[in-house]
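[1] Pasting a predicted model and its sequence here:
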Amino acid sequence: KNLLFVKNAWAVITLIVTGILVNILKGIRLYGVLYGTKISLQEHVRQYCKTVPVSMIIPLKAGDIFRAYCYGYRIQNCLKAFIIILLDRFIDTLALVTITFFIILTEHEKAPLLFYLLLIFLMLFIICYYMFPGLYSYWNDYFIRNQASVRRNSFLKLLNRCHVIYAEISELIKGRCLFLYCISVVAWGVEIGGMVYIKDILQEDVSMRMI
């Protein structure tokens, strides 16, 4: 019984330590994306700690909306804050797909449907990012040459808005994308490794109870 108690306690400790380490790494990644917004490290830690519980409670990553609002309020730019959170999620998803791919490759397991959905999302995002400058240049020239009208001006405003978002994304990922990606890979590695270790402990615990 004492041995079983020690193993269960060790599983709980592993879960807590894993959660702390993963959140520290994710906090560092988000601060890397935020670099240049003039938000201090102390303020970032305060906002991150405030938004983590909300993100854990609200399903389907809907808590990121609250996080974007909190950071947007602090940097006085809600659009940029939403772009920052979306970019943070993109890098996180890219790292998850990478690790999942290598797990599938080494374990010879069948890829789940979610893996393909995330892969399609990432590919579409990357394709749109690289195609946007050419599309923007073509359609912007096209509408400028057209006769002035309410519809034309609406399209030009929409194009300009999209260009602002594109410029924000380009500025955010400049020179730091690989660093943020590596942090994400390490974070997922720690999380998956911790969960596998806890699973092994609990399985051993069950086996001992059956003896």
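    Perfect, I can see it now.
[2] can you give me the helices for the protein?
    If you assign secondary structure with DSSP state H, the helices in the chain sit at 2-34, 41-57, 63-75, 78-107, 113-145, 150-173, 177-210.
[3] measure the most centrally placed residue in the chain to A95 for me?
    The C-alpha lying nearest the average C-alpha coordinate of the chain belongs to R89 (Cα atoms, centre = their mean; 1.9 Å). R89 is 11 Å from A95, where distance means Cβ to Cβ, to the nearest Å. Using the backbone N, CA and C atoms, a C-beta is placed for each residue, glycine as well.
[4] same check, this time on I120
    Counting by Cβ to Cβ, the gap from I120 to A95 is 17 Å.
[5] And the two? Which one has more around it.
    The residue with more neighbours, out of I120 and A95, is A95; 21 against 10, by other Cβ atoms under 10 Å.
[6] which residues touch stretch 175-183?
    The set of residues that contact stretch 175-183 without belonging to it, under Cβ atoms under 8 Å, 6 or more residues apart in numbering, is 25, 28-29, 32-33, 35, 91, 94-95.
[7] Could you give me the buried positions within that stretch?
    Of the residues in stretch 175-183, 177, 180-181, 183 count as buried by neighbour count, 16 or more other Cβ atoms under 10 Å.
[8] which one of those residues sits closest to L105?
    When the buried residues of stretch 175-183 are compared for distance to L105 (Cβ to Cβ), Y181 wins out at 18.7 Å.
[9] Local confidence estimate at that closest one?
    Y181 is assigned 94 on the pLDDT scale.
[10] Which of the helices and strands in this structure ranks last by mean pLDDT?
    Sorted by mean pLDDT, DSSP states H and E, the helices and strands of the chain end with helix 177-210, the least confident at a mean of 83.
[11] quick check, distance from it to the centre of its chain.
    19 Å (Cα atoms, centre = their mean, to the nearest Å).
[12] Just want the angle from it to helix 78-107.
    Relative orientation of helix 177-210 with respect to helix 78-107: 50 degrees, computed using axes from the mean of the first three to the mean of the last three Cα atoms, to 10 degrees.
[13] okay, the residue lying closest to V54 once chain neighbours are set aside: pLDDT?
    Excluding its sequence neighbours, the residue lying closest to V54 (Cβ to Cβ, 6 or more residues apart in numbering) is G63, at 4.5 Å. Note on G63: pLDDT of 82.
[14] Perfect, I'm done here.
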